[in-house]
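*Asks:* with the input below, show me the fold.
(chains A and B)
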Amino acid sequence: MKRIRVGLATLACLFAALDGTAFAASGATSASDDAAIKLATQVCSSCHGPGGDSQSPTFPRLAGQQQAYVSAQIKAFKSGARNEQEAHDYMLGMTTLIDDATAESLARYFASQPHPKGIPGDPAAMAAGKKIFEQGIPGQVVACATCHGAHAEGNGIFPRLADQHEAYIVRQLTVIQRNLRNSPVMHGIIKNLTPEEMKNVATYLQSL
Amino acid sequence: MNIKSMGVGRLLVCLGVLGWFGLINPARAIPAFARQTGQACVACHVSFPELTPYGRMFKLSGYTIGTRQALPLALMAQFGVTHVRNNRDDQGQKIVPKTDKPVLSAASVFAGGKITDNIGGWIQWTYNNLAGNGDVGHSGIDNTDLRVVGRSENTDNTDMRWLYGLTVNNNPTVQDVWNSTPAFGFPFTTPPNGIGAAAATMLDGQLGQQVAGVGGYVYWNRTVYVELSGYQTADGFFAPLRAGTDTQTPGGVHRLSGVDPYWRVAWNREWGADSLMVGAYGGHFRVYPDNTLPYTDTDRFTDIAVDAQFQHISQDHTYTFQYTHIHENQDYRASYPATLAGAPIGAGPAPANAHDTLITDKLKGTYYFDRKYGATLSVVRTHGTADAGLYAPGSVGGSVNGRPDTQGYILELDYLPQQNVRLMLQYYGYSKFNGSRRNYDGSGRPASDNNTLFANIWLVY
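*Replies:* Numbering: from 1, shown residues only, chains lettered A, B, ... in the order given. Coordinates of the predicted model:
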């Protein structure tokens, strides 16, 4: 009897885990999940690619991104809190169409997608970027891995950076450094990063 | 600038319109589709009207992305100055009106956008301020495209598998989403009072606002596009699609017999910041020689074209290329025998040959920095069979050797201070016009006399 109870508990845990990760395979989806799938396949995919695996470096890869981060960004676009030019040009209008429940479902959808493969770049740049990511720059920049995870997998509202487009990361670091994207904590951390250092870190992250 | 010649009334109107554009909030100064999606022009356009990959999906999706607007209207206006190198014919008479002074060339009202999640479209109504000989303004319907669409997802719910729809439009290729086809090909706007060449293929703008097309299309995996449409003269139920077009005067417009086919296939691929399309399109048109005599035999025009487009779109540097080659087989099975018999059909053509060919090549490259500063170079060539009956000698518009050959280049410089404002300078340089370089018309006029400079302000709101 005890073995049956343990088995049922395990099964319950498994279902709970699947519910949170295997978005598209769950079969019975709520109305907001259906709306999210429709949005993701018919609208988001035009720029962010199939399942969030975008082709153009103008648009970030969202596949496997942290759920909390995607959710927070949708809200930031919608409220105008995320205010760089691209946020205004592409995302402000799109996110005003998304209600809170659908935003959560979309975030869960993208978090559940398998993340794309990294794209290796120049070995010297990757090595230099790896060093900054893992160790930071003494006295200037805190190691990125501290918040973004040892493998750049992200953590909650700290985004996954692994396999992200190099050009997109450089662009975000640039607009944050210039205070064109409102992100006070990151701004403080990267304010002394040089363009070359940004590129090296981005090259490394794209390769993961 | 000859402000005096504009007249006080027109000047006030121009100033009023400019003032209105000046007062609008730049962040919101975007037309109907942009208001519907809340996105900026650059989301869909490299620079209007050239489409980005997302813009192509928006169009193929029937303009249904976003929220339906209560007042789905947009406005467009163009103010420009045209200078023709030699605007006097061999008799010293002025050829085209109102050159070398600023004129409001055209203004349009658009009604467009989403109606339901599956139905959308746009209708353009244009006032042409330089219609006829330039003295009288005229308004009428312009390009129109109405769609009903459907979609299905792939099995793992990551992307669209099928995007399919119906289009009703009034200009073959206006429904196309690649800017290598004529309706939305370069040049995107032309001098309203430039000098036009004698020959163009049917698909190269000869049927616009005269016909109604109903077609079906499918787009599979964002890779393969197939379309089949049928075009007929816009009569009866479809008459609004040619509203304002004079179809009662003999000559000038083309009247089709029955429903004529138009087809389109394209292969598309997107990778990184790049996209590539390679395709083909064509049509077969049965045309009454005289548009007011729709009971005679018809001439047949068969167009077969190939085209390609490459785009690289990134934050700072954007460059795009488009190419098309249109081959037209002209079968004058009605006009030629009638001409031989000495009785051409009404105002129809009087060809010297039973069959002619007409070929057009267009190649264009564009570079934009910061999506704001742009330059475009285009080379254009039309050539074909010599036919003294179709291309007879005549001052300015004729051909001394009976050939339709025209070739040259177009250079355009653009500055977009805002995404909905384009300041542009266009130059048309001709190395051959209606058959030859020197004395092309038989009246001593060289092709280069038709070289044209066009400065234009293009506003959309």
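*Asks:* excluding its backbone neighbours, what's nearest the residue of chain A found nearest chain B?
*Replies:* Ranking the residues of chain A by distance to chain B (Cβ to the nearest Cβ) places A:Gly93 first, at 1.6 Å. In short, each C-beta sits where N, CA and C put it, glycine included. In space, not counting the residues next to it along the chain, A:Gly93 is nearest to B:Gly38; the distance is 1.6 Å by Cβ to Cβ, 6 or more residues apart in numbering or on different chains.
*Asks:* that neighbour and A:Tyr90 touch, don't they?
*Replies:* No: B:Gly38 is beyond contact range of A:Tyr90, at 9.5 Å (criterion: Cβ atoms under 8 Å).
*Asks:* what residue is smack in the middle of chain B?
*Replies:* When chain B is reduced to its mean C-alpha position, the nearest residue by Cα atoms, centre = their mean turns out to be B:Ala183, at 3.5 Å.
*Asks:* from what I can see it touches B:Val174, true?
*Replies:* Yes: B:Ala183 sits in contact with B:Val174 when judged by Cβ under 8 Å, with a separation of 4.1 Å.
*Asks:* what's the overlap in contacts for these two?
*Replies:* With contacts taken as Cβ atoms under 8 Å, 6 or more residues apart in numbering or on different chains, the residues that reach both B:Ala183 and B:Val174 are B:Asn143, B:Gly208.
*Asks:* now for the residue nearest to A:Gly93, how many residues are close by?
*Replies:* Using other Cβ atoms under 10 Å in any protein chain shown as the criterion, B:Gly38 is surrounded by 21 other residues.
*Asks:* likewise for A:Arg82?
*Replies:* There are 22 residues near A:Arg82, going by other Cβ under 10 Å.
*Asks:* three-state assignment of the residue positioned nearest the centre of chain A?
*Replies:* Closest to where the C-alpha atoms of chain A average out (Cα atoms, centre = their mean) is A:Gln65, at 3.5 Å. Reducing the assignment to helix, strand or coil with DSSP: H, G, I helix; E, B strand; the rest coil, the entry for A:Gln65 is coil.
*Asks:* list the residues that contact it.
*Replies:* Shown in contact with A:Gln65 (Cβ under 8 Å, 6+ apart): A:Gly52, A:Phe110, A:Ala111, A:His115, A:Gly154, A:Pro159, A:Arg160.
*Asks:* report the lowest-confidence entry in the residues you listed.
*Replies:* Lowest in pLDDT among those is A:His115, which has 89.
*Asks:* can you count the residues close to the nearest residue to that residue once chain neighbours are set aside?
*Replies:* Setting aside the residues directly before and after it, A:His115 is nearest to A:Gly64 in space (Cβ to Cβ, 6+ apart), at 2.8 Å. The local packing of A:Gly64 (other Cβ under 10 Å) involves 20 other residues.
*Asks:* please identify which pair of the contacts of A:Gln65 lies farthest apart.
*Replies:* Every pair in those was compared (Cβ to Cβ); the two farthest apart turn out to be A:Gly52 and A:Gly154, at 13.7 Å.
*Asks:* so for those two, which sits in the more crowded spot?
*Replies:* Neighbours per residue (other Cβ under 10 Å) separate A:Gly52 from A:Gly154, with A:Gly52 holding more: 27 against 21.
*Asks:* helix, strand, or coil at the residue nearest to B:Asn154 when sequence neighbours are not counted?
*Replies:* Setting aside the residues directly before and after it, B:Asn154 is nearest to B:Arg161 in space (Cβ to Cβ, 6+ apart), at 4.2 Å. Reduced to three states with three-state DSSP, the structure at B:Arg161 is strand.
*Asks:* residue contacts, B:Arg161?
*Replies:* Taking Cβ under 8 Å, 6+ apart as the definition, contacts of B:Arg161 comprise B:Ser152, B:Glu153, B:Asn154, B:Thr155, B:Trp220, B:Asn221.
*Asks:* which residues touch the nearest residue to the fifth one once chain neighbours are set aside?
*Replies:* Read it as B:Trp220. Excluding its sequence neighbours, the residue lying closest to B:Trp220 (Cβ to Cβ, 6+ apart) is B:Trp162, at 6.0 Å. Listed by Cβ under 8 Å, 6+ apart, the contact set of B:Trp162 reads B:Gly150, B:Arg151, B:Ser152, B:Val218, B:Tyr219, B:Trp220.
*Asks:* would you agree B:Asp145 is in contact with B:Pro172?
*Replies:* No: contact between B:Asp145 and B:Pro172 fails when scored by Cβ under 8 Å: they sit 11.5 Å apart.
*Asks:* in terms of packing, which of the two has more residues around it?
*Replies:* Summary of the neighbour comparison: B:Asp145 and B:Pro172, criterion other Cβ under 10 Å, with B:Pro172 having more neighbours (30 against 23).
*Asks:* for that one, give its distance to B:Glu328.
*Replies:* Taking Cβ to Cβ, to the nearest Å as the criterion, B:Pro172 is separated from B:Glu328 by 13 Å.
*Asks:* find the residues that touch each one of those two.
*Replies:* Common neighbours of B:Pro172 and B:Glu328, counting by Cβ under 8 Å, 6+ apart, are B:Met202, B:Leu203.
*Asks:* what mean pLDDT does stretch B:403-415 have?
*Replies:* For stretch B:403-415, mean pLDDT rounds to 97.
*Asks:* I misspoke; the intended subject was stretch B:290-302.
*Replies:* Here stretch B:290-302 scores 96 as its mean pLDDT.
*Asks:* and if you look at stretch B:90-106?
*Replies:* In this model, stretch B:90-106 has a mean pLDDT of 91.
*Asks:* between the two ends of it, what distance do you get?
*Replies:* 30 Å (Cα to Cα, to the nearest Å).
*Asks:* buried set for that stretch?
*Replies:* For stretch B:90-106, the buried set under the neighbour-count rule, 16 or more other Cβ atoms under 10 Å in any protein chain shown, comprises B:Ile95, B:Val96, B:Lys98, B:Thr99, B:Pro102, B:Val103, B:Leu104, B:Ser105, B:Ala106.
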